[in-house]
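Participant: structure here, sequence nowhere to be found:
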């Protein structure tokens, strides 16, 4: 069976205006495409191994459709990074196979330290994680000791352990708004676009780490306006990691789950979607009567009109899942000394969002603390 891995070099524009670090050496290797017979054989093997190993698959919306479908077919889940970790924590399986990027595996391990967490490729990472190294981030926090440290889920275990709060794009507005209402000033990391969106929406006093997602940072407002003219009835769905001028063109701004909900509930047949194109599989599966168009990341003269796919998410493949289940390789390890401190901001967020969902008071869940 052909499981050859090809190397794909990733190059992208670096943040300017005082960027604190460089991620220009980022790279990814993408598994070769498999034949239908090879895919079928690997799926059968994975199904058998999941049962034998008391394991469950958790897959992100951005990975290959085969990994999304197989996770659901075998009792696992397809979701965002935090729900993946929460599902793994609450599932009876003792082994979690996380198809996504490294910080997702680390978050799963933080919430389930007693379980084995495996990943198809341990080198699958994230530009936001790469662009926020712990030593530089700690120095940034030390320079602003009066601020509450709020970090996005797309960060390392070490950065999470330095934070007061963890947020996802689906709960960030609510949590930052609650902190602002208590008079707290925020230190935000790492995505500057998401942070700026939150600041505009909440009016919170925020200082920003200068990071960006290499996928969402590439969406182009001018090209999006031209595409809207071609599809005048289409609604525009945008992830808040996108630039402000792209967000300004949106009919709905939201996390991966927010985009799914908007596509299902909005009265439109066509949608232009500004997020990783791995989302298209789930959008089209759940909305078979609707049309989804990828938002542009480049102009008409470009080889690729929209290249909105994370190269590290693309490193996940069926062969990798089968290999880790068979051999136990690619296990995620988090320093045991870090886990209690890294779990604190996660549990704080989970308590807040659970109370919000159940209509319970959240004020008591927002402690008046400064930087950790």
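Facilitator: All right, it came through fine. Computed from a predicted model, the values in this text were never measured in an experiment.
Participant: residue contacts, residue 77?
Facilitator: Counting by C-beta atoms under 8 Å, 6 or more residues apart in numbering, residue 77 touches 58, 59, 71, 83, 84, 87. The way it works is simple: take the backbone N, C-alpha and C, and place the C-beta from them, glycine included.
Participant: run the last query once more with 10 Å
Facilitator: The neighbours of residue 77, taking C-beta atoms under 10 Å, 6 or more residues apart in numbering as the test, are 56-60, 68, 71, 83-84, 86-88, 91.
Participant: so which of those residues are in helices?
Facilitator: The members of those that map onto helices under DSSP state H are 68, 71, 83, 84, 86, 87, 88.
Participant: including pLDDT, could the residues you listed go into JSON lines?
Facilitator: Rendered in JSON lines, the data for the ones in helices among the contacts of residue 77 read as follows (pLDDT from 0 to 100):
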{"residue": "68", "pLDDT": "97"}
{"residue": "71", "pLDDT": "98"}
{"residue": "83", "pLDDT": "88"}
{"residue": "84", "pLDDT": "91"}
{"residue": "86", "pLDDT": "88"}
{"residue": "87", "pLDDT": "95"}
{"residue": "88", "pLDDT": "93"}
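Participant: from the contacts of residue 77, which is closest to residue 291?
Facilitator: Nearest to residue 291 among the contacts of residue 77 is residue 68, at 20.0 Å by C-beta to C-beta.
Participant: quick one: end-to-end distance for stretch 208-222.
Facilitator: From the first residue to the last, stretch 208-222 extends over 26 Å; the measure is C-alpha to C-alpha, to the nearest Å.
Participant: which among the contacts of residue 77 gets closest to residue 250?
Facilitator: The nearest one, if we look at the contacts of residue 77 relative to residue 250 and count by C-beta to C-beta, is residue 60, at 22.1 Å.
Participant: the closest one: what's its closest spatial neighbour, skipping adjacent residues?
Facilitator: By the measure of C-beta to C-beta, 6 or more residues apart in numbering, the closest residue to residue 60 outside its immediate chain neighbours is residue 100, 3.9 Å from it.
Participant: contacts only, for the one you found.
Facilitator: Contact analysis of residue 100 by C-beta under 10 Å, 6+ apart lists 58-63, 67, 79-81, 84, 107-108, 119-120, 124, 126, 310, 312-313, 315-316.
Participant: among the residues you listed, which are in strands?
Facilitator: In strands, defined here by DSSP state E, the members of those are 58, 59, 60, 79.
Participant: if we can go back for a sec, tell me the buried residues within the ones in helices among the contacts of residue 77.
Facilitator: When burial is judged by neighbour count using 16 or more other C-beta atoms under 10 Å, the buried members of those are 68, 71, 83, 84, 86, 87, 88.
Participant: surely the last one and residue 113 touch.
Facilitator: What that stands for is residue 88. No - at 11.4 Å, residue 88 and residue 113 do not qualify as touching, with contact defined as C-beta atoms under 10 Å.
Participant: starting at the chain centroid, how far to stretch 277-287?
Facilitator: The gap between where stretch 277-287 is centred and where its chain is centred comes out at 16 Å by C-alpha atoms, centre = their mean, to the nearest Å.
Participant: where's the residue nearest the centre of the chain relative to residue 149, distance?
Facilitator: Nearest residue to the geometric centre of the chain (C-alpha atoms, centre = their mean): residue 81, 5.5 Å. Distance of residue 81 to residue 149, given as C-beta to C-beta, to the nearest Å: 19 Å.
Participant: then residue 322?
Facilitator: Taking C-beta to C-beta as the measure, residue 322 and residue 149 are separated by 40 Å.
Participant: can you put the ones in strands among the contacts of residue 100 in a markdown table and add neighbour count, distance to residue 242 and pLDDT?
Facilitator: Written out in a markdown table, the entries for the ones in strands among the contacts of residue 100 read as follows (neighbours: other C-beta atoms under 10 Å; distance: C-beta to C-beta, whole Å; pLDDT from 0 to 100):
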| residue | neighbour count | distance to residue 242 | pLDDT |
| --- | --- | --- | --- |
| 58 | 28 | 26 | 97 |
| 59 | 28 | 23 | 97 |
| 60 | 27 | 18 | 97 |
| 79 | 22 | 21 | 93 |
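Participant: in JSON lines: these, plus distance to residue 234.
Facilitator: Below are those laid out as JSON lines (distance: C-beta to C-beta, whole Å):
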{"residue": "58", "distance to residue 234": "32"}
{"residue": "59", "distance to residue 234": "28"}
{"residue": "60", "distance to residue 234": "26"}
{"residue": "79", "distance to residue 234": "26"}
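Participant: which one of these is nearest residue 210?
Facilitator: Distances from those to residue 210 were compared by C-beta to C-beta; the smallest belongs to residue 60, at 24.9 Å.
Participant: ok, which stretches of this protein are strands?
Facilitator: Assigned by DSSP E, the chain shows strands spanning 5-9, 27-31, 55-60, 77-79, 95-99, 116-118, 148-152, 165-167, 186-189, 206-208, 235-238, 252-253, 270-274, 291-294.
Participant: which of those strands is buried the deepest?
Facilitator: Mean neighbours per residue, mean count of other C-beta atoms under 10 Å, is largest over the strands of the chain for strand 95-99, with a mean of 29.
Participant: which other helices and strands contact it?
Facilitator: Counting contacts by 3 or more C-beta pairs under 10 Å, 6 or more residues apart in numbering; DSSP states H and E, strand 95-99 is packed against helix 36-52, strand 55-60, helix 65-73, helix 81-90, helix 102-111, strand 116-118, helix 318-327.
Participant: hmm, residue 253 is touching residue 273, no?
Facilitator: No - counting by C-beta under 10 Å, residue 253 does not reach residue 273; the two are 12.0 Å apart.
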